[in-house]
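> Turn this into a structure:
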Amino acid sequence: MSERDKELSLVQHLGELRDRLMVASIAVIATTAISFLFATDIIKILLVPAGVDHLIALSPTENFTTYMRVALFSGIALSMPVILFEIYAYIDPALHPNERRFALTAGPFVLLLFVAGMLFCYFGLLPSSLKFLVSFGNPVIENQLRASEYLSFVTTFILGMGVVFEVPVLIFALVRVHVLSRAWLARQRRYVIVLVLIVGAIITPTPDPFNQLLVAVPMYLLFEMGLFLARFAGGGPRAAS
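Now for the predicted structure:
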C-alpha cells in the first residue's frame, strides 16, 4: 500500500469514526432531553436508598444544574444500546466471520451486565454505603444532604458500576480474539488488586475506605469471573504469545 493510499485509508477511518461519534452524541442528547422531562421522578427514585424525600440546595443555580446532571446520567444509560451498536459498527469491517458472530452474540449480554451493574449498585451498594456515611458522627454532626453532592455521588456510583460490570465480557472477548491470554491475565492478580482499589477510589467520590472496598471487592470478583469464562474462550497458542 502506497503512502497516499494509507493517508486516504486513515482519512476514511477518521471520517467514519466522526460519523459514529455524531450518531452516538445525538442519541445521548435526545435521551437526555427526554429524561429532563422526567427528572423529578428520577430524583425521587434516587432518593430511596438514602431514606429521605427531599434535598437542600445552597446556590441559585444548583437546582437546574442538578436536574441537568440527572438527565445526562439517565440519557447516557438509556442511549447505551445505540452507543454499543455504533462501536460494533465501527469495528465490524475488521472482524473475521467468527469474531463477528461472537460480537453479535455478546451484545445482549453486554447490555444485561450494564443494567445488572446499575441495579446491583442501587439495591446492594448504595443503601449500605449511604447509611454508613449519613450516620457517621451522628451524635455531633447533623447530615443534611445537599442536592448537587448527593446526586453527583449517586449517579457516578451507579453509572460507574454499570460500566465495571462489563469486565467479564471484556476479558472473554480479549482472550477470544487472541489479544491477551488467560494465563497472562491470571499472573497479573496482584496488579489487578491495586488497580481495582484505585478505580474504586475514583468511582466513589468520598475519601472513606468503606465505600472504596464496596466497589473494589465486586470489581475483583468480576475479574475472577472473567478469568473463569475465559476458560471457554478458546484462546489458543496465538493468545499465549
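> how deep is the residue lying closest to Gln144 once chain neighbours are set aside tucked in, by neighbour count?
Excluding the flanking residues, the one nearest Gln144 by C-beta to C-beta, 6 or more residues apart in numbering is Ile56, at 5.3 Å. To be clear about C-beta, it is placed using only N, CA and C from the backbone, and glycine gets the same treatment. Residues lying near Ile56 (other C-beta atoms under 10 Å) number 11.
> ok, now His13?
His13: 13 surrounding residues under other C-beta under 10 Å.
> Phi and psi next, for it.
With angles defined as degrees, to the nearest 10, His13 sits at phi -60, psi -40.
> Same check on Ser59?
The phi/psi pair for Ser59 (degrees, to the nearest 10) is phi -150, psi 160.
> measure it to Gly137 for me?
25 Å (C-beta to C-beta, to the nearest Å).
> again with Tyr88
48 Å.
> Same check on Phe228?
41 Å.
> neighbour count winner among Tyr88 and Gly137?
Between Tyr88 and Gly137, Tyr88 has the larger neighbour count (other C-beta under 10 Å), namely 17 against 10.
> Now do the same contact list for the nearest residue to the more buried one once chain neighbours are set aside.
Spatially, and ignoring its direct neighbours in sequence, Tyr88 is nearest to Ala103 (5.7 Å; C-beta to C-beta, 6+ apart). Counting by C-beta atoms under 8 Å, 6 or more residues apart in numbering, Ala103 touches Tyr88, Ile91, Asp92, Leu95, Ala173.
> ditto for Met118
Contacts for Met118 (C-beta under 8 Å, 6+ apart) come out as Ala77, Ile158, Leu159, Met161, Gly162.
> got the contact list for Val215?
Taking C-beta under 8 Å, 6+ apart as the test, what Val215 contacts is Leu125, Phe157, Gly160, Met161, Val164, Val196, Val199, Gly200, Ile203, Thr204.
> Report all helices and strands that the helix or strand harbouring the fourth one contacts.
Counting by DSSP states H and E, the secondary-structure element that holds Met161 is helix 147-164. Under the contact criterion of 3 or more C-beta pairs under 8 Å, 6 or more residues apart in numbering; DSSP states H and E, helix 147-164 touches helix 39-47, helix 62-78, helix 97-120, helix 126-135, helix 189-203, helix 209-230.
> what's the angle between the helix or strand just after it and helix 189-203?
Per DSSP H and E, the first helix or strand lying C-terminal to helix 147-164 is helix 167-176. Interaxial angle of helix 167-176 relative to helix 189-203 (axes from the mean of the first three to the mean of the last three C-alpha atoms, to 10 degrees): 140 degrees.
> Which strands or helices does helix 167-176 pack on?
helix 97-120, helix 182-186, helix 209-230.
> OK, contacts around the residue most central in space within the chain?
For the chain, the residue nearest the mean C-alpha position is Val163 (1.9 Å; C-alpha atoms, centre = their mean). Counting by C-beta under 8 Å, 6+ apart, Val163 touches Phe114, Gly117.
> quick one: it from Thr155, how far?
For Val163 relative to Thr155 (C-beta to C-beta), the value is 13 Å.
> Could you do Ala103 as well?
29 Å.
> pull the helix or strand with minimum mean pLDDT from this structure.
Within the chain, no helix or strand scores below helix 237-240, which has a mean of 41 by mean pLDDT, DSSP states H and E.
> The residue nearest to Gln144 reaches Arg146, doesn't it?
Yes: assessed by C-beta atoms under 8 Å, Ile56 is found in contact with Arg146 at 5.7 Å.
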